[in-house]
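# Model the following, please.
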Amino acid sequence: MRTRGAFLAECAAALSASCTLTWVDRAFLEAHDVRRWAGPRSLPLWLPLPDFAGFMTRDTAPARDAGLSWRPMAITARDTLDWLRTGNGPVIGLSSDEEVAVLSAWHAREPARI
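Alright, predicted model coming up:
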């Protein structure tokens, strides 16, 4: 099992992406019309707690025992980005401008760090 931070760091490494993760609270995201899970203006894979506690924590042993195989996260991350870039994937997430606006608003509200 991975933490969300570890999952995102692994994806960033696979994509050779330089990024800084910023954890933003649910109320702020909802106040800025950031939507959950998928679709335009969403944070993909974000399902807020406690509403979705336990989501995607199923035991996969029966599927693996039946022959399901998995592939490394790095390959999945690269293939997913390629799929999205070629136009075959759905429109998801915040646009670059939307992301900048939300992050700017978030950082503007945080107290100065010394």
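# Please report the distance of the closest residue to residue 49 other than its chain neighbours from residue 2.
Spatial nearest neighbour of residue 49, excluding adjacent residues (Cβ to Cβ, 6 or more residues apart in numbering): residue 26 at 7.8 Å. Every C-beta, even on glycine, is put in place using the N, C-alpha and C of the backbone. From residue 26 over to residue 2 the distance is 21 Å, taken as Cβ to Cβ, to the nearest Å.
# Same drill for those two, tell me which one is more crowded.
residue 26 (13 against 10; other Cβ atoms under 10 Å).
# Enumerate every residue touching residue 109.
By Cβ atoms under 8 Å, 6 or more residues apart in numbering, the contact list for residue 109 reads residue 28.
# What pLDDT does the model give it?
pLDDT recorded at residue 109 is 88.
# For it, give its distance to residue 25.
10 Å.
# again with residue 5
15 Å.
# ok, back up a step: was I right about the residue nearest to residue 49 contacting residue 47?
No - the pair residue 26 / residue 47 is not scored as a contact, 10.3 Å apart, by Cβ atoms under 8 Å.
# A strand includes residue 43, no?
Yes - Residue 43 sits within a strand when classified using DSSP: H, G, I helix; E, B strand; the rest coil.
# Quick check: bridge partners of it?
Counting by DSSP bridges, residue 43 is bridged to residue 36.
# For it, give its distance to residue 1.
Plainly put, residue 43 is 20 Å away from residue 1 if you go by Cβ to Cβ.
# more crowded one of the two?
More crowded of residue 43 and residue 1, by other Cβ under 10 Å: residue 43, with 19 against 5.
# which other residues reach stretch 46-63?
Applying Cβ under 8 Å, 6+ apart, the external contacts of stretch 46-63 come out as 1, 26, 29, 36-37, 68.
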